[in-house]
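Asker: just a sequence and a predicted model for now, questions to come.
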Amino acid sequence: MIIDCFSYKIYKSNLNFNYKNELVDIVSNISKEKLNQGNLDITNSSLFYYLTRNNDKYIKNNINIVDNLHSLIEDESNVFSNLFKLNKIFEIEEMWVTSYKNEEKCKPHHHCPESYDYTGIYYLNFDSDEHQSTTFYNNSSLTESVNPECEEDNLFIFPTYAMHGYSGVVSSKNRILIPFILKPKAYNKYY
């Protein structure tokens, strides 16, 4: 699905990630460590943690849950690329997890528009009755905004220059997101 959002478009799909509950368990264990690696100028989330590939702490039932999620998102990014006629194959540059509840918010921001093409958000744990989706803004003046409809397991991909943030519904339930940065895959040709 394509969402028209001011001067840019947002790609929305359902990821069908089979290991949501297992990843929520992993994230819950991470949050018990009270880790926060994020930019505190942007978010006051109690959990902001980078998810790296090939890490044994993400293995459940002989499956690396984070590696599986990486692959699913990269596959879906290629569906997005074809739909938008971008003629690019994308890979994930960075992926992290953040969890919001109660008064935790994320200030409007964008992701290095001069360095990357697209960013995205996967809604791992999301209750549409209690949570609000990410807010997208028209420009840096933040004068106009939109909150696309969202459900758990939705994936949004949008330009890195798109201002976005979260100041939505306050809930005691964790709103867990997996944001990521996409970059075009580089291919070396040998002759």
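Answerer: Structure's in. What do you need? In this text the structure is predicted, and so the values were computed from the model without any measurement. Numbering: from 1, shown residues only.
Asker: from L23, how far off is E151?
Answerer: Separation of E151 from L23 (CB to CB, to the nearest Å) stands at 17 Å. C-beta coordinates here come from the backbone N, C-alpha and C atoms, glycine included.
Asker: correction: Y49
Answerer: In terms of CB to CB, Y49 sits 12 Å off from L23.
Asker: ok, the two, which is more surrounded?
Answerer: Per other CB atoms under 10 Å, whichever of Y49 and L23 has more neighbours is L23, with 23 against 18.
Asker: doesn't that one belong to a strand?
Answerer: No: under DSSP: H, G, I helix; E, B strand; the rest coil, L23 falls outside any strand and is assigned helix.
Asker: tell me the contacts of it?
Answerer: With CB atoms under 8 Å, 6 or more residues apart in numbering as the criterion, the residues that contact L23 are F17, Y58, I65, V66, L69, L124.
Asker: hmm, try it at 7 Å
Answerer: Counting by CB atoms under 7 Å, 6 or more residues apart in numbering, L23 touches I65, L69, L124.
Asker: then H111?
Answerer: T119, T160, I181.
Asker: on the three-state scheme, it is what?
Answerer: coil.
Asker: ok, then the element right after the longest helix that the chain contains?
Answerer: Counting residues, the longest helix in the chain under DSSP state H turns out to be helix 65-83. Next along the chain after helix 65-83, taking DSSP states H and E as the criterion, comes strand 90-100.
Asker: where do the strands of this structure begin and end?
Answerer: Counting by DSSP state E, the chain has strands at residues 2-5, 8-14, 47-50, 59-60, 63-64, 90-100, 106-109, 118-125, 135-137, 145-146, 154-159, 164-166, 175-184.
Asker: just to revisit the earlier point, of the contacts of L23 - the most surrounded one?
Answerer: With neighbours taken as other CB under 10 Å, the top of those is L69, carrying 25 neighbours.
Asker: quick one on the thing from earlier: got JSON lines for the strands of the chain, with distance to N78 and mean pLDDT too?
Answerer: Supplementary listing: the strands of the chain in JSON lines, determined by distance: least, CB to CB, whole Å; pLDDT from 0 to 100:
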{"stretch": "strand 2-5", "distance to N78": "16", "mean pLDDT": "87"}
{"stretch": "strand 8-14", "distance to N78": "11", "mean pLDDT": "94"}
{"stretch": "strand 47-50", "distance to N78": "23", "mean pLDDT": "71"}
{"stretch": "strand 59-60", "distance to N78": "26", "mean pLDDT": "87"}
{"stretch": "strand 63-64", "distance to N78": "21", "mean pLDDT": "92"}
{"stretch": "strand 90-100", "distance to N78": "7", "mean pLDDT": "87"}
{"stretch": "strand 106-109", "distance to N78": "26", "mean pLDDT": "68"}
{"stretch": "strand 118-125", "distance to N78": "12", "mean pLDDT": "94"}
{"stretch": "strand 135-137", "distance to N78": "23", "mean pLDDT": "88"}
{"stretch": "strand 145-146", "distance to N78": "26", "mean pLDDT": "87"}
{"stretch": "strand 154-159", "distance to N78": "11", "mean pLDDT": "95"}
{"stretch": "strand 164-166", "distance to N78": "23", "mean pLDDT": "80"}
{"stretch": "strand 175-184", "distance to N78": "10", "mean pLDDT": "90"}
